[in-house]
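S.K.: for reference, the sequence and a predicted model appear below.
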Amino acid sequence: MAKVKMKRHGFRLDMTPMVDVGFLLLTFFMLTAKFKPQSDEPLTIQLPVAQADTTKLPDAHIATVSVGLKPLSDGRTDTVITFGVSDEKDRPAIFKPLNRVDDKTGQPLTDQQLMMKAAVRVSKTELETVVQQARLQNPSMRYAINADSAVSFGSIDDVMHALQKYGATRMNLITMTKEKS
Amino acid sequence: MAEVVQSGGRKKGKGKKHARLGVRLDMTPMVDVAFLLLTFFMLTTTLLTPQVMEITMPPDSKVPVQIAESNLLTLRIRKDLTVFWNMGSEPPQKVAEKDVPGILKQHLQVNPKLSTLIKIDRDAKYQTLVNMIDALNLTQAQLGQTEKRFSLVAMDDKDHELVNNL
């Protein structure tokens, strides 16, 4: 039987459109991506579930009070409150009165360092200080409460009172839709 | 792609000679890196913005608000997450959490001016509170009512006394 001689045809594939689309997608994802900001106390928050909410949280001018539970070594849990500010430029003025120091050097944190802090862990009294500062710094700031569903109402009540005290009467409770749970 | 065109000399004026020098650039590494980054950003992005439940509180909780007894529905949530409801100053009645929307609907339908007061124990779970507000929002949406009339307070000693033995 005669051997069939296979002739190899080198072929060129025009990859330009693919590369175009690739770069387009790359640009899109790079521009829309938001990295999780560094926080003092990274909290894992199991959001409460709600059905009726359709409002979305805006990106800018948001102060977020997070209330989370942190497990302690003896099995109990500790309620942790952090205060986060979305606008970098507002952070130094708001966080300055807390007099936080650098862990390594012991020096007070500079404005530059404060600007990098997305959220700071605060005590109940410190929360009032930062809320007051935030109200002074940007009166149009909106306040969101990002609390774990298992947190007791008492802690939420404290946060609400701190906000109410300085006239931040409109609060946004961050929730999750039922389908995603 | 980069390309260099070299123009020939015109000295002799006899036919122009264009020698084209094409520069080929190997784009493979660039495309590799681009796709790597693309994959990374695609996998790490979440296009999800959290949704919120908006509530408005009065500026100063010390100023009393007068309200007609017939316009007030009170929901009390005990430490063990049992829900009690009552109209005006009627005695509180126990209700299962899933039946709350039904009660709200029944009363809001009759009286659209009804205000709901949620009294919740400081030790009760936040999820229960969210459930109550959610039930209220849902009921109002079903009835086409937009004005939110509800208030939120922690239970005081009197409330504890009222519901503790039920």
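M.R.: Perfect, thanks for sending it.

S.K.: would you map the helices across chain A?
M.R.: Here chain A has its helices, by DSSP state H, at A:16-32, A:91-95, A:111-116, A:124-137, A:153-165.

S.K.: adding mean neighbour count, mean pLDDT and distance to chain B, write those helices out as TSV.
M.R.: Glycine gets a C-beta too; all of them are placed from N, C-alpha and C. Output for the helices of chain A, formatted as TSV (neighbours: other Cβ atoms under 10 Å in any protein chain shown; pLDDT from 0 to 100; distance: least, Cβ to the nearest Cβ, whole Å):
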stretch	mean neighbour count	mean pLDDT	distance to chain B
helix A:16-32	13	87	3
helix A:91-95	22	89	20
helix A:111-116	14	84	20
helix A:124-137	18	89	12
helix A:153-165	20	88	3
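
S.K.: okay, now A:D90: neighbour count?
M.R.: 18 (other Cβ atoms under 10 Å in any protein chain shown).

S.K.: domain ranges for chain B?
M.R.: Per the record, chain B has its domains at B:3-42, B:69-164, by automatic domain parsing.

S.K.: tell me which of these sits most buried.
M.R.: Comparing those by mean neighbour count (mean count of other Cβ atoms under 10 Å in any protein chain shown), domain B:69-164 comes out on top with a mean of 17.

S.K.: from one end of it to the other, what's the distance?
M.R.: 23 Å (Cα to Cα, to the nearest Å).

S.K.: pipe the domains of chain B into a markdown table and attach mean pLDDT and distance to A:D78 per row.
M.R.: Listed next are those as a markdown table, based on pLDDT from 0 to 100; distance: least, Cβ to Cβ, whole Å:
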| stretch | mean pLDDT | distance to A:D78 |
| --- | --- | --- |
| domain B:3-42 | 70 | 35 |
| domain B:69-164 | 86 | 15 |
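
S.K.: out of the helices of chain A, which is closest to A:Q51?
M.R.: helix A:153-165 (19.9 Å; Cβ to Cβ).

S.K.: could you export that closest one as PDB, CA atoms only?
M.R.: The C-alpha trace of helix A:153-165 is given here as PDB (Å, rounded to 0.1, in the frame of the first residue of the first chain):
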ATOM      1  CA  PHE A 153     -29.400  43.900  70.200                       C
ATOM      2  CA  GLY A 154     -27.700  45.600  73.100                       C
ATOM      3  CA  SER A 155     -24.500  46.300  71.100                       C
ATOM      4  CA  ILE A 156     -26.600  47.500  68.200                       C
ATOM      5  CA  ASP A 157     -28.600  49.800  70.500                       C
ATOM      6  CA  ASP A 158     -25.300  51.300  71.800                       C
ATOM      7  CA  VAL A 159     -24.100  52.000  68.200                       C
ATOM      8  CA  MET A 160     -27.500  53.500  67.300                       C
ATOM      9  CA  HIS A 161     -27.500  55.800  70.400                       C
ATOM     10  CA  ALA A 162     -23.900  57.000  69.600                       C
ATOM     11  CA  LEU A 163     -25.100  57.900  66.000                       C
ATOM     12  CA  GLN A 164     -28.300  59.500  67.300                       C
ATOM     13  CA  LYS A 165     -26.400  61.600  69.800                       C
END
